[in-house]
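1. need a structure here:
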Amino acid sequence: MQSGREVAFFLPVVCTDRGQHKRRLLTVARRELDGSGGMSSALEWFAPPMGAEAEPRSLIGRDSYIFACPSCSRKPQINRAKWWNLVDEAGRARLRELDLSLLPF
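-> Predicted coordinates for the structure are as follows:
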């Protein structure tokens with residue numbers, strides 16, 4: 001339970017640069033029982049989609065989450081709908097974490 005809402009699962013989002021560096025926690029995604037989701041804002045290694053407010057060439061996407069690993073040069077950008085599909089698939093598969101460096105993009 002978080003902020004009065006029941007949480008279906010939490011999913012740590014990490015980067016290991018495909019095993020080349022120590023596991024680095026970027027954020028924690030959560031899916032709530034009502035179907036909504038969110039990401040931990042306590043960590044600063046991702047930027048949420050900002051719609052029309054996003055400035056061109058900034059580290060903020062209009063329709064995508066952008067992750068930035070401080071241990072390597074990876075900066076994957078993932079469309080909002082695709083991201084939540086990945087989170088849901090990982091939740092159904094009961095993954096303990098999602099390593100962004102292992103995703104095929």
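
2. can you give me the strands for this protein?
-> With DSSP state E as the criterion, the chain has strands at 7-15, 24-32, 37-39, 46-47, 64-67, 77-79, 98-99.

3. weakest of those in terms of mean pLDDT?
-> Lowest mean pLDDT of the strands of the chain: strand 46-47, a mean of 79.

4. what are the pairing partners of that strand, and which direction each?
-> Partners of strand 46-47 in the sheet, by DSSP bridges, are strand 64-67 (antiparallel).

5. buried ones in the strand it pairs with?
-> For strand 64-67, a neighbour-count test (16 or more other CB atoms under 10 Å) marks 64-67 as buried. C-beta here means a position set from N, CA and C on the backbone, and glycine is covered the same way.

6. then stretch 82-97?
-> Taking 16+ other CB under 10 Å as the criterion, stretch 82-97 shows 83-84, 86-88, 90-91 as buried.

7. and stretch 19-34, by the same measure?
-> Neighbour counts over stretch 19-34 (16+ other CB under 10 Å) mark 24, 26-32 as buried.

8. between the two ends of that stretch, how far is it?
-> In stretch 19-34, first residue to last residue: 35 Å (CA to CA, to the nearest Å).

9. please compute how far it lies from its chain's middle.
-> Distance of stretch 19-34 from the chain centroid (CA atoms, centre = their mean, to the nearest Å) equals 6 Å.

10. brilliant, that's me finished.
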